[in-house]
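> Fold the following for me, if possible:
(2 chains)
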Amino acid sequence: MTTNPPPAAAPAPSAARRALRWLFALPPAYLGTAVLLLLAAMLRPQLLSMFLLPLIARQAAPLGLAVIGQSLVMRARSIDLSSGGVIVAVSYILTSGYFPVSDAVAMAMCVGLGLCVGVLNGVLIVKARASSMIVTLAVAMILLGIVIALSQFRAPGDAPEFLRAFARQRWWGVPLPVLLWLAVLVPVALLLRSTVFGRYLDAVGANPQAAALSGIPYLRVIFVGHVASALVSVICGFILVGFVGKGSITLGQDLALNSLAAAILGGVNFGNGKGGMAGPAVAAFMLTFLFNFLTSLGLGEPGRLMLQGAIIAAAALAWSLNRGRTS
Amino acid sequence: MRSIRSGISVYTLGLPVLLVVVLGLAIPSFLAPQNLANVSGQITALLIVTLGQMVVALVAGIDLSVGSVISLASCLVATQADPLTGVALALLLGLAVGLVNGAGVALAGIHPLIMTLSTMTFLQGLAFLILPIPGGQIPPSLRELANGTLWGLPQPLLWCALCAGAVALLLHRTRLGLHLFAVGANAHSAQLNGVRTAGVVIAAYAVCSLLAVVSGIYLAARVAAGDPSMGAAFGLESVTAVALGGVQLTGGVGSIVGAITGALSLGLITNGINLFGVSPFLRGAFTGALLLVAVCVQRRRSVGL
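The predicted structure is shown next:
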């Protein structure tokens, strides 16, 4: 994340102003998280205890993973709204008992399904040139519809013991899902920073036409992004099923739109090649912490929703206005 | 040139015709006046929102908040004793939402998805605040407007015709209409040619929210109650209908006819699934599959959004 130098014509700003400017040039997630933690420290200090904070981080893991996939496709000017459908399908495969196979095979089937969804999304977007928003939305509708129709005949069963244990366990006090989140986050961040693929992704996002004319395989880059995003959704599904311990058809339905919000609050925007992987991760934590904080305030559903909407808008507004001033 | 700009193709026009023919041949009760009145009643709300969504899509935007606006409008109308106050309040609110959405997108440069997502969340909360559970009172005069008949025709058709006519006038007989297409096709060129792009975008969002309010009032009058989650599905459904109608989400391409055929197709699919006795749970899967086919046959030049 580089900040633009202040314009030469302006009088040299004081160190404090420069620091302030640098602070505001960060994605809104950082400032938002700081403000939220400060507010929580004043109003609900128990949220910051060593008992609850890891739990909140654990709860943030699915969103954090989803936003990795989402930001990959957003960088290439695409979007993936299919995560809700994939997660529900994963939940059905793992918990319905419809497939009499071992847990490992069922999980492999889920990965296979994710691969299929990703390839389907990618092919339709790249080859048929269909709108990525509509394609991924339609795929989510199809998966959700099929699962809902199928689950009329079967009560949801329990999640595989392995996943439930995985969701519960901690290593060195850190919940395993959080470690898994980091285990995906760090390699992807390095991949983006130091490989040709990362450069391709930013080039395609910045100007698809120029990228294509320069001989960058830009269709393949978008395709790979979508496959990766679908596979990440499968991992989200594993974690969520482990959390809940049971099959559910409402699992992860808000993840698609929330991951979009987290990506943008984390400094990633459609195809401007800006923003790293740390910003979206912080944004995922910020949103999850926000939901918990608002719940802990006991506002009830209406107040919670209104504040949530207002805060997301305020963060996006601060970021947009500031970006407009510095660039 | 005109056909390129309208986005109408054989597929957009053919889909509803095909659906009517298939349903008419396969199910005799489909063409019964009772069912036709039912269908038109069901499609009206979607059609009115879709018209608004189309206007926003013309300027390369998207409005996810229409669903919450519908819910909120129905709650407002249902909680006011005087129908005129309720309708006026709802319209004012729609205007305010549209202005906020438009200002956020055009002046502050927030991405439309994130801007309307946040207003959607906020307004959903407001709707729950005003009317926590479905209920309230809808004045009989208003109910008559949505359920009665006029000159032998069901009233919903009148709502459709009025809204479609108003949007058609806006698009094809006013300067704003021309500017909407210009901004959507190439905002930078439009600006260089003296179009005030920010104003045009704000106007588009205002029109969209106002049409969502009309749709909400219609729905409340039709079911004779307000419901804070009544419109939840309409956000994505209207985007779906717009896409079925050949309107491009990248801006500059769309038409009234497209919006109407899109809403009609989606409504007929729902009705057909009911009539065929297919599990209503499969409706989403059917709609999704059809949507995939519809967007894939309309090949675009750009890749991505």
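> and the helix or strand where B:Thr85 lies, how far out from the chain's middle?
Assigned by DSSP states H and E, B:Thr85 belongs to helix B:83-106. How far helix B:83-106 lies from its chain's middle: 16 Å, per CA atoms, centre = their mean, to the nearest Å.
> what's the answer for stretch A:230-247, then?
With CA atoms, centre = their mean as the basis, stretch A:230-247 stands 13 Å off its chain's centre.
> Ok, stretch B:212-221 next?
Computed by CA atoms, centre = their mean, the separation of stretch B:212-221 from the middle of its chain amounts to 11 Å.
> picking that back up, as a whole number, average confidence for the helix holding B:Thr85?
For helix B:83-106, the mean per-residue pLDDT is 93.
> In this structure B:Ser71 contacts B:Pro228, no?
Yes - the pair B:Ser71 / B:Pro228 is scored as a contact, 5.3 Å apart, by CB atoms under 8 Å. (Each C-beta comes from the backbone N, C-alpha and C, glycine too.)
> Same drill for those two, tell me which one is more crowded.
B:Ser71 (30 against 27; other CB atoms under 10 Å in any protein chain shown).
> The stretch 101-250 of chain B: strands as residue ranges?
For the stretch 101-250 of chain B, the strands defined by DSSP state E, counting those that start in this stretch occupy B:149-150, B:153-154.
> Tabulate those (CSV), appending distance to chain A and mean pLDDT.
Listed next are the strands of the stretch 101-250 of chain B as CSV, based on distance: least, CB to the nearest CB, whole Å; pLDDT from 0 to 100:
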stretch, distance to chain A, mean pLDDT
strand B:149-150, 35, 74
strand B:153-154, 30, 77
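> A:Leu191: which of these is closest?
Relative to A:Leu191, the nearest member of those by CB to CB is strand B:153-154, separated by 58.8 Å.
> Please compute how far the closest one lies from its chain's middle.
Its chain's average C-alpha position is 21 Å from that of strand B:153-154, according to CA atoms, centre = their mean.
> What strands line up against it, and which way round?
Strand B:153-154 has its sheet partners listed here by DSSP bridges as strand B:149-150 (antiparallel).
> List the contacts of the partner strand.
Here strand B:149-150 makes contact (CB atoms under 8 Å, 6 or more residues apart in numbering or on different chains) with B:Gln155, B:Leu158.
> thinking again about what came up before, what's the helix holding B:Thr85 packed up against?
Secondary-structure packing of helix B:83-106 (3 or more CB pairs under 8 Å, 6 or more residues apart in numbering or on different chains; DSSP states H and E): helix A:300-326, helix B:66-79, helix B:112-130, helix B:140-147, helix B:197-223.
> In a markdown table, list those helices along with mean pLDDT.
Shown next, in a markdown table, are those (pLDDT from 0 to 100):
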| stretch | mean pLDDT |
| --- | --- |
| helix A:300-326 | 77 |
| helix B:66-79 | 94 |
| helix B:112-130 | 91 |
| helix B:140-147 | 81 |
| helix B:197-223 | 94 |
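> And these: which comes nearest A:Pro156?
Taking CB to CB, helix A:300-326 is the member of these nearest to A:Pro156, at 25.0 Å.
> quick one: the residue nearest in space to the middle of chain A and A:Leu251, what's the gap?
By CA atoms, centre = their mean, the mean C-alpha position of chain A lies nearest to A:Val67, the distance being 1.5 Å. Using CB to CB, to the nearest Å, we find A:Val67 at a distance of 17 Å from A:Leu251.
> ranges for the helices of the stretch 101-250 of chain A?
Here the stretch 101-250 of chain A has its helices, by DSSP state H, counting those that start in this stretch, at A:103-126, A:132-151, A:161-168, A:176-194, A:196-206, A:208-213, A:218-244.
> Include mean pLDDT and mean neighbour count when you put the ones you listed into JSON lines, please.
Formatted as JSON lines, these follow (pLDDT from 0 to 100; neighbours: other CB atoms under 10 Å in any protein chain shown):
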{"stretch": "helix A:103-126", "mean pLDDT": "90", "mean neighbour count": "19"}
{"stretch": "helix A:132-151", "mean pLDDT": "87", "mean neighbour count": "24"}
{"stretch": "helix A:161-168", "mean pLDDT": "81", "mean neighbour count": "16"}
{"stretch": "helix A:176-194", "mean pLDDT": "89", "mean neighbour count": "16"}
{"stretch": "helix A:196-206", "mean pLDDT": "83", "mean neighbour count": "19"}
{"stretch": "helix A:208-213", "mean pLDDT": "82", "mean neighbour count": "15"}
{"stretch": "helix A:218-244", "mean pLDDT": "90", "mean neighbour count": "25"}
